[in-house]
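> With the input below, show me the fold.
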Amino acid sequence: MKNKLKPGINHIEFWVSDIPKSVKFYSSFLPLIGWEQISNVSFSDGNIVIYFIEMKGINKTKSLGVRHLCFQATEKEQVNKVYEALETIKATIIRGPLFMHYSAAYYTVDFYDPDGQVLEVAHTP
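A predicted model of the protein is given here:
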């Protein structure tokens, strides 16, 4: 039988300090860009799964590695809706929504999750 898997990222595991707080946070914006909550600790876009593991007593430190995670918005208006949702829950916005010079019509909002992970939602046509 031929393997039908394609190269890519299978899943992303987030260590978080408080699962209910993180799930509530991510559920405020992920559905706006096409992600679905598939369990009490995970979301999927149909290709990749993001799930959360609660890790009590661990302090976040600066280190080398992934700086941020960018979620693709298929429409510019989704970026605005994500921004509005983040404002409603009083998330810390780093910048945006705004156009960036990275490519024509690159439109983004960058923000922190409850544990300080840098996230971005961008429309990159």
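
> those helices in the protein, which residues are they?
Assigned helices in the chain, in chain order: 19-29, 76-88 (criterion: DSSP state H).

> How far does the first one sit from its chain's centre?
Average the C-alpha atoms of helix 19-29, do the same for its chain, and the two points are 10 Å apart (C-alpha atoms, centre = their mean, to the nearest Å).

> What is that helix packed up against?
Helix 19-29 makes packing contacts with strand 49-54, helix 76-88 when contacts are defined by 3 or more C-beta pairs under 8 Å, 6 or more residues apart in numbering; DSSP states H and E. Bear in mind the C-beta positions are built from the backbone N, C-alpha and C, glycine included.

> Put together CSV for the ones you listed, with mean neighbour count on each row.
CSV is the format used below for these (neighbours: other C-beta atoms under 10 Å):
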stretch, mean neighbour count
strand 49-54, 17
helix 76-88, 18
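
> Using a markdown table, lay out these together with mean pLDDT.
Converted to a markdown table, those look like this (pLDDT from 0 to 100):
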| stretch | mean pLDDT |
| --- | --- |
| strand 49-54 | 96 |
| helix 76-88 | 98 |
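
> For residue 114, which of these is the nearest?
strand 49-54 (10.7 Å; C-beta to C-beta).

> and that closest one, C-alpha only, in PDB?
Only the C-alpha atoms of strand 49-54 are listed here, as PDB (Å, rounded to 0.1, in the frame of the first residue of the first chain):
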ATOM      1  CA  VAL A  49      -2.700  19.700  14.700                       C
ATOM      2  CA  ILE A  50      -1.800  22.100  17.500                       C
ATOM      3  CA  TYR A  51      -2.100  20.700  21.000                       C
ATOM      4  CA  PHE A  52      -1.400  21.800  24.500                       C
ATOM      5  CA  ILE A  53       0.300  20.100  27.400                       C
ATOM      6  CA  GLU A  54       0.100  21.800  30.800                       C
END
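
> Can you pull out the low-pLDDT segments for this protein?
Across the chain, residues meeting the criterion (pLDDT under 70) sit at 1-3, 5.
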